[in-house]
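S.K.: Quick one, structure for this:
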Amino acid sequence: MAGPVIAFTENIFPTLDSAKAALARLNPTLRMAKSTSAEDILEVARDADAILVTYAKLPRDLILQLTRCKAIGRFGLGVDNIDLPACKEKGIAVNYVPDYCIREVSDHAMAMLLALIRKIPLSNKVVQAGRWEMPVVVPIRRIEGTVVGLLGFGNIPRLVAPKAKAFGMKVIAFDPYAKADLFKTAGVESVDFDTLLKTSDYISVHAPHTPQTRGMMHADAFAKMKKGAYIVNTARGPLIDEPALIAALDSGQIGGAALDVVAVEPLPKDSPLLGRDNVILTPHTGFYSIEALDELQSKCASDVARVLSGEKAVYPISA
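M.R.: Take a look at the predicted model:
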């Protein structure tokens, strides 16, 4: 007997073997959209029982045209590409995977910060160009005893904290939604936003992207930071006001930045962030490892299978 129809909006993975294995018990019919346009998604998803989506947009107009959909699974941490209120109206359960790459992103944030502090990319650039010159990286501060401020204290920054402590850093964090016992357990001082800005030698951004957090690292925020402080962003690009960051880099108020995410991806070829020795850029790769992608596919698809089987999702999200 044929099982449910499950539509994929796109495939960014080397294979979908882990997702297919998680769905196999349903004996599903799988469909793949030709592109992420609304028309192509609706062609495969209009009468589908579930949708699996990565980066494609699922706006209200599209969701209201779904006739049989019971579940939408997001291959990722956030759901800002899905209109949750529309899903609620249609009775569609939405699930995501909030913990699949927390080790990878916390490692990436820490690696970018260390590379920024020790000026490793600049040193490599100089040596690769045939120059053996230490003065080009002067000055570099000792890491031990410096203060790293975590903007957000969810799963990822709670893994950054012990890694930073291992290098002798003091860790503080701002997160008005995190409970006091989380800070106490982690041995991290909870501070307000202004204190985070004024006290930190480095700030690592880990907040979710919401209307309230969009552009929260703006000109006034940079002005309150220590002169020459560093900023790292492995969360969402729009959390940082990029023109304000560029101005702060130009003035020397901000000493350096390490960005795995930017406001517009891919980064425009004429971006003022390019060509700077004190800016490290990676192409939104902080989430990646072979193991993380397998875990992402398996957890997301398993929850869709649970919902279609009348069971509760492990990682549900509500509007």
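S.K.: Tell me how far the residue nearest to the spatial centre of the chain lies from Ala129.
M.R.: Centroid-nearest residue in the chain, with Cα atoms, centre = their mean: Ala235, separated by 3.8 Å. Computed as Cβ to Cβ, to the nearest Å, the Ala235 to Ala129 distance reads 33 Å. For every residue, glycine as well, the C-beta is placed using N, CA and C.
S.K.: His218 now?
M.R.: Applying Cβ to Cβ, the value for His218 to Ala129 is 36 Å.
S.K.: next one: Thr15
M.R.: 40 Å.
S.K.: mind listing the strands for the stretch 201-319 of the chain?
M.R.: 202-205, 229-233, 254-259, 279-281, 316-317 (DSSP state E, counting those that start in this stretch).
S.K.: Out of the ones you listed, which one sits most buried?
M.R.: strand 202-205 (a mean of 27; mean count of other Cβ atoms under 10 Å).
S.K.: what helices or strands is that one leaning on?
M.R.: Using 3 or more Cβ pairs under 8 Å, 6 or more residues apart in numbering; DSSP states H and E as the contact test, the elements touching strand 202-205 are helix 102-118, strand 147-151, strand 229-233.
S.K.: any chance of the ones you listed in TSV, with distance to Pro139 too?
M.R.: Formatted as TSV, those follow (distance: least, Cβ to Cβ, whole Å):
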stretch	distance to Pro139
helix 102-118	11
strand 147-151	18
strand 229-233	13
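S.K.: returning to what we had before: contact partners for the residue nearest to the centre of the chain?
M.R.: Applying Cβ atoms under 8 Å, 6 or more residues apart in numbering to Ala235 gives the contacts Gly152, Ile156, Val205, His206, Ala207, Pro208, His209, Val261.
S.K.: and which of the residues you listed is nearest Arg141?
M.R.: Val205 (20.7 Å; Cβ to Cβ).
S.K.: Verify the contact between Ile63 and Ala86 for me.
M.R.: Yes - contact criterion Cβ atoms under 8 Å: Ile63 and Ala86 qualify, at 4.2 Å.
S.K.: In terms of neighbours, single out the busier of those two.
M.R.: Ile63 (22 against 18; other Cβ atoms under 10 Å).
S.K.: Next one: the more buried one from Ala38, what distance?
M.R.: Following Cβ to Cβ, the distance that separates Ile63 from Ala38 is 10 Å.
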